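>>> the following block contains a protein sequence and its predicted model.
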Amino acid sequence: MLIDSHAHLDSERYADDRAAMLARAQEAGVGAVLAIGIGEEPAEMHQALDLCREFNDKPGMPRLYASAGIYPHNTAEATPDALAKLDGLLAEPEVIACGEIGFDYYHEGASRETQRAGLIAQLEIAAARRRPILIHCRAKDGMTDAWHDLFEVLDQHWRPAGLGGVMHCFSGEWEQARRSLDLGFLVSFAGNLTYPKAQPLRDVAARMPLDGVLVETDAPWLAPAPNRGKRNEPAWVAQTAHVLAGVAGVSDKEIAEVTTKNFQRLFGLTPNVGN
Ligand SMILES: [Zn+2]
């Protein structure tokens, strides 16, 4: 069984075929999906939880979990109301993670100061609710300042919680992967691991300990190599897992087992999370 640790299942790009898309994931051996609850804005943070409630009693579907969080671009909207909504969502049993949160210095959709304040406010809520976090960190090309600032904030405001998290869609260098592991984080690889120009990322993946990795789609974005450019979906996490298995020198079955175990360990889930 595989787990897709990061998919935007509430995207309107699934409006016409969401149930069929989830059924395809189940057929492809994806036993669980973490649905990301950021929506287009904080007012939509509940949408991933809604999908859990809609689909988790239906047969032939992967088990769905949800997150909730305020994306870096939206941190100007991290009002007291939005933060209270986040707090309420994190109290729900299906909402196992706070995210995706962090820093985006590539697009810089909000000022760096605003992103920092929004991140710290959410770390406090996640710590109080005992929920691991999902980190989005994107630097400008060739720069590492976003990572530098991220680790500074996490060291001070998150390490003491002892809850760890996930570096989602990891695209950094070994130094950042190593620091993530040191913080008790898992490093999650997405479809970009499969792209021809991603050899430096595959070299980082090859150095990762097996108990530190996850796989994800980040669907509907970042479809793995054979389907690059198309709308992505959780069924295709198998292609990323296959490439990760290759660089790690283990079988596809072993990658599926370790990534599933890692996910369950981080979120304190019982081993039988699939259907
Ligand atoms: Zn995402």
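Here it is on my side, so go on. Numbers count the residues shown, from 1 in each chain.
>>> now do the helices in the stretch 51-200 of the chain.
Remark: helices assigned in the stretch 51-200 of the chain by DSSP state H, counting those that start in this stretch are 80-90, 112-129, 145-157, 174-182, 199-207.
>>> Leu22 and Pro80, how far apart?
Per Cβ to Cβ, to the nearest Å, Leu22 is found 35 Å from Pro80. Backbone N, C-alpha and C define where each C-beta goes, glycine included.
>>> these two: which has the busier surroundings?
Leu22 (26 against 8; other Cβ atoms under 10 Å).
>>> OK, contacts around the more buried one?
Leu9, Val33, Phe55, Met61, Pro62, Leu64, Pro234 (Cβ atoms under 8 Å, 6 or more residues apart in numbering).
>>> do the same with Asp141
Contacts for Asp141 (Cβ under 8 Å, 6+ apart) come out as Tyr106.
>>> what's the neighbour count on the closest residue to Gly162 other than its chain neighbours?
Using Cβ to Cβ, 6 or more residues apart in numbering and skipping residues adjacent in sequence, the residue nearest Gly162 is Gly184, 7.2 Å away. By other Cβ under 10 Å, the residues close to Gly184 number 16.
>>> for the longest strand along the chain, give the mean pLDDT please.
Secondary structure of the chain per DSSP state E: the longest strand is strand 95-104. Averaged over strand 95-104, pLDDT sits at 98.
>>> in its sheet, what does that strand sit against?
According to DSSP bridges, strand 95-104 forms sheet pairs with strand 63-68 (parallel), strand 133-138 (parallel).
>>> can you list contacts of the first one?
This means strand 63-68. Contacts of strand 63-68 (Cβ under 8 Å, 6+ apart): 9, 22, 31-38, 45-46, 48-49, 51-52, 55-56, 86, 89-90, 92, 94-100, 134, 267, 273-275.
>>> show the buried residues in those.
9, 22, 31-38, 45-46, 48-49, 51-52, 55, 86, 89-90, 94-100, 134, 267, 273 (16 or more other Cβ atoms under 10 Å).
>>> how far away from the center of its chain is the longest strand of the chain?
The chain centroid and the centroid of strand 95-104 are separated by 8 Å under Cα atoms, centre = their mean, to the nearest Å.
>>> what's the angle between it and helix 145-157?
With axes from the mean of the first three to the mean of the last three Cα atoms, to 10 degrees defining the directions, strand 95-104 sits at 130 degrees from helix 145-157.
>>> could you tell me the angle between strand 95-104 and helix 80-90?
140 degrees.
>>> between strand 95-104 and helix 112-129, how many degrees?
Using the same axes, to 10 degrees, strand 95-104 lies at 160 degrees relative to helix 112-129.
>>> dump strand 95-104 to PDB, restricted to CA.
Listed next in PDB are the C-alpha coordinates belonging to strand 95-104 (Å, rounded to 0.1, in the frame of the first residue of the first chain):
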ATOM      1  CA  VAL A  95      -7.400  16.800  10.600                       C
ATOM      2  CA  ILE A  96      -4.100  15.300  11.400                       C
ATOM      3  CA  ALA A  97      -1.700  18.100  10.300                       C
ATOM      4  CA  CYS A  98      -1.400  21.800  10.100                       C
ATOM      5  CA  GLY A  99      -0.300  22.900   6.600                       C
ATOM      6  CA  GLU A 100       0.800  23.700   4.200                       C
ATOM      7  CA  ILE A 101       2.500  26.600   5.900                       C
ATOM      8  CA  GLY A 102       6.000  28.100   5.600                       C
ATOM      9  CA  PHE A 103       7.800  30.500   3.300                       C
ATOM     10  CA  ASP A 104       7.600  31.300  -0.400                       C
END
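>>> give me the low-pLDDT residue ranges for the stretch 151-275 of the chain?
For the stretch 151-275 of the chain, applying pLDDT under 70 flags the ranges 271-275.
>>> and the strands in it, which stretches?
165-167, 185-189, 213-215 (DSSP state E, counting those that start in this stretch).
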